[in-house]
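Student: Sequence below, structure please.
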Amino acid sequence: MTLQGDALCQADVNLKMPRNNQLLHFAFREDKQWKLQQIQDARNHVNQAIYLLMNRDVSYQFRTGLEVLKLMDAVMLQLSRARNRLTTPATLTLPEIASSGLTKMFTPALPPDILVNFYINLNKLCLTVYQLHVMQPSTTKNFKPAGGSVLHNPGAMFEFGSQRYEVSHVHKVECVVPWLNDALVFFTVSLQLCQQLKDKRTATAPDSDMRHSSLLVVSTIILKESGSSLRQTLYPLLKAILPQSQAALSNTR
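Tutor: Below you'll find the model as predicted:
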């Protein structure tokens, strides 16, 4: 699997079918890329956090401490939402996976008894392959469709089209993506800086004592260097999160 930014541009799947020991091979079509919605959503939240920090003139002076706290709350909300998109994969039903455009990404085409799903979990790109078998009419009296889940277990049942299926085997592959790990670290550092500034402003001077100084200055206690502004400190961190295009490593079997 190869990930570039938010695009999965290469994937090769080798699968041995247990019923007949047949080896199947599927690969992404060369003219196709699969966009990972989690990374796109995370980047959008980061861009919104950057906009909140940068949409004022560089000489802008905050008038009250409350104004700063509201800004920090808004920035932290966007950063938390961005991080959550990478740490909390979406729960999908098996029919949702079956109807996904992923089924059209491979050559040769996936057979109807194979489902695939890609998602991000923390610093890992995950591939799940489901092998299915068709449920016979005599067995459907015990049919109980599975709900949404990140990972479905063998025995999970679902209906798609006019046919009922049961998951017989589940295969999962994980690839560590270094730049996603860096992004999670940057999220943690950025959120800590915001919280430390909030704590300092809440615990120190009242509004009237802060009107004549920039409230974006982070104390030497926080940054260990006077005169560094929150904007100057956070902006490089936020820009480093989720680069627009960066290859990630993985050839995994």
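
Student: which of the residues in the top helix by length along the chain are buried?
Tutor: When the chain is parsed with DSSP state H, its longest helix is helix 178-203. Within helix 178-203, the residues that qualify as buried are 179-180, 182-184, 186-187, 190-191, 193-194, 196-198, 201, counting by 16 or more other C-beta atoms under 10 Å. Where you see a C-beta, it was placed from the backbone N, CA and C, and this is true even at glycine.

Student: Which residue in those residues has the weakest pLDDT?
Tutor: Among the buried residues of helix 178-203, Arg201 carries the lowest pLDDT, at 64.

Student: Out of the buried residues of helix 178-203, which is nearest to Ala156?
Tutor: Nearest to Ala156 among the buried residues of helix 178-203 is Leu180, at 28.1 Å by C-beta to C-beta.

Student: just to revisit the earlier point, which strands or helices does the longest helix of the chain pack on?
Tutor: Judged by 3 or more C-beta pairs under 8 Å, 6 or more residues apart in numbering; DSSP states H and E, helix 178-203 is in contact with helix 65-87, helix 220-223, helix 230-240, strand 247-248.

Student: picking up where we left off before, which of the buried residues of helix 178-203 lies at the shortest distance from His171?
Tutor: Using C-beta to C-beta, these come closest to His171 at Leu180, 22.1 Å.

Student: right, and that closest one touches Ile120 too?
Tutor: Yes. Judged on C-beta atoms under 8 Å, Leu180 makes contact with Ile120 at a distance of 6.9 Å.

Student: Overlap in contacts, the two.
Tutor: Residues within reach of Leu180 and of Ile120 at once, by C-beta atoms under 8 Å, 6 or more residues apart in numbering, are Leu86.

Student: Could you work out the end-to-end span of stretch 12-32 for me?
Tutor: Terminal residues of stretch 12-32 lie 13 Å apart, using C-alpha to C-alpha, to the nearest Å.

Student: Show residues contacting that stretch.
Tutor: Contact partners of stretch 12-32, identified using C-beta under 8 Å, 6+ apart, comprise 1, 8-11, 34, 104-108, 110-111, 114, 116, 127, 129, 131, 168-169, 171, 253.

Student: Buried ones from these, can you make that a PyMOL selection?
Tutor: Buried residues within the contacts of stretch 12-32, by 16+ other C-beta under 10 Å, are selected in PyMOL with:
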select buried, resi 1+8+10+11+34+105+106+110+114+116+127+129+131
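
Student: so how far is Ala90 from Phe62?
Tutor: Going from Phe62 to Ala90 by C-beta to C-beta, to the nearest Å gives 38 Å.

Student: List the residues that contact the residue nearest the centre of the chain.
Tutor: When C-alpha atoms, centre = their mean is applied to the chain, the residue found nearest the centroid is Leu86 (2.7 Å). Applying C-beta under 8 Å, 6+ apart to Leu86 gives the contacts 38-39, 42, 120, 122, 180, 183-184.
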